[in-house]
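Novice: Pasting the sequence and the predicted coordinates here, then a few questions.
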Amino acid sequence: MTHLTVVIPAYNEASALRAGKLHHVANWLKSQAFTTELILVDDGSPDETAQLAEGVADRVITIPHAGKAAAIVAGITQASGDIVLFSDMDQATPISEAPKLLDAFQQPAEVVIGSRGLVRPGAPLARNLLSWGQVTLRNVLLGMRITDTQCGFKAMKRTAALEILDHLQLYHPSRLGAIQGASVTSGFDVEFLFVAQRLSYRIAEVHVEWNYQETRRVRIIKDALRGIRDLASIWLADLGGKYPKAKR
């Protein structure tokens with residue numbers, strides 16, 4: 001039977017925890033017929049995130065504050081499930097959408113990503129424009145034919161994820177050091193999926209429900225510039241032969 005680990009990266013999420021977001025995920029997992037594990041990775045939050053998650057999550061892992069990418073890496077490396085699913089604390093895509101991703105492993109696939117499509121209902125125009133621009137740049141620079149690399153709802157076989165992490169350049173686990181303040185690392189998702197393609201892992205993109213959630217962590221101009229910089233860095237690393245060669 002499938003053993004599923006759900007990983008939720010969290011930074012300063014005390015208010016969401018008090019609102020019952022994590023309880024909702026935990027209760028859904030307990031209702032499933034297969035074995036499950038819920039891990040909250042506290043990204044060095046200065047608030048009560050870790051304390052409030054205790055007793056709700058099966059495990060609470062606290063790391064020095066290094067950003068969402070580092071929290072995801074910690075979740076992958078410490079998960080016990082053969083399938084690892086990531087879900088954001090805000091539950092913009094509710095955990096009840098998980099069966100759509102799990103079913104896709106029967107296609108078969110090793111990596112399954114939730115997709116919001118090209119239009120994000122309820123999101124400001126600037127967010128939609130940023131998303132469209134990212135899709136265009138990804139296609140031009142990296143030849144990636146994936147509509148939505150940035151949805152925070154993804155599942156993967158843990159063995160595949162570990163191999164992919166080992167081949168990252170920009171976001172290799174050894175390079176994820178301490179940072180200050182909130183961080184949106186869109187380049188991690190792009191590099192992860194780019195390497196997955198290069199390693200010939202089968203990627204399934206599945207449409208999921210998504211509801212726009214206002215967040216102070218998304219700063220349009222700053223995040224757009226960082227996204228462009230990361231794309232350029234991945235492209236240059238590829239030109240330098242630092243990624244596995246595509247199999248023909």
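Specialist: Arrived safely, thanks for sending.
Novice: My guess is Leu85 contacts Lys154. True?
Specialist: Yes: using C-beta atoms under 8 Å, Leu85 is in contact with Lys154, at 7.1 Å. Placement of C-beta: from N, CA and C, glycine included.
Novice: Just want the phi and psi numbers for the one residue sitting closest to the centre of the chain.
Specialist: What sits nearest the mean C-alpha location of the chain, by C-alpha atoms, centre = their mean, is Gly152, with 4.4 Å. Torsion angles at Gly152 (phi, psi; degrees, to the nearest 10) stand at phi -80, psi 20.
Novice: what's the distance between it and Asp223?
Specialist: Distance check for Gly152 against Asp223: by C-beta to C-beta, to the nearest Å, it reads 14 Å.
Novice: what's around Phe105, how many residues?
Specialist: By the criterion of other C-beta atoms under 10 Å, Phe105 has 19 neighbours.
Novice: Tell me who's in contact with it.
Specialist: Ile83, Val112, Ala155, Lys157, Ala204 (C-beta atoms under 8 Å, 6 or more residues apart in numbering).
Novice: Just give me the neighbour total for Val140.
Specialist: Close neighbours of Val140, defined as other C-beta under 10 Å, add up to 11.
Novice: Check which element follows the worst-scoring helix or strand of the chain on mean pLDDT along the chain.
Specialist: Sorting the helices and strands of the chain by mean pLDDT, DSSP states H and E puts helix 125-142 at the bottom, at a mean of 68. Next helix or strand after helix 125-142 toward the C-terminus (DSSP states H and E): strand 154-157.
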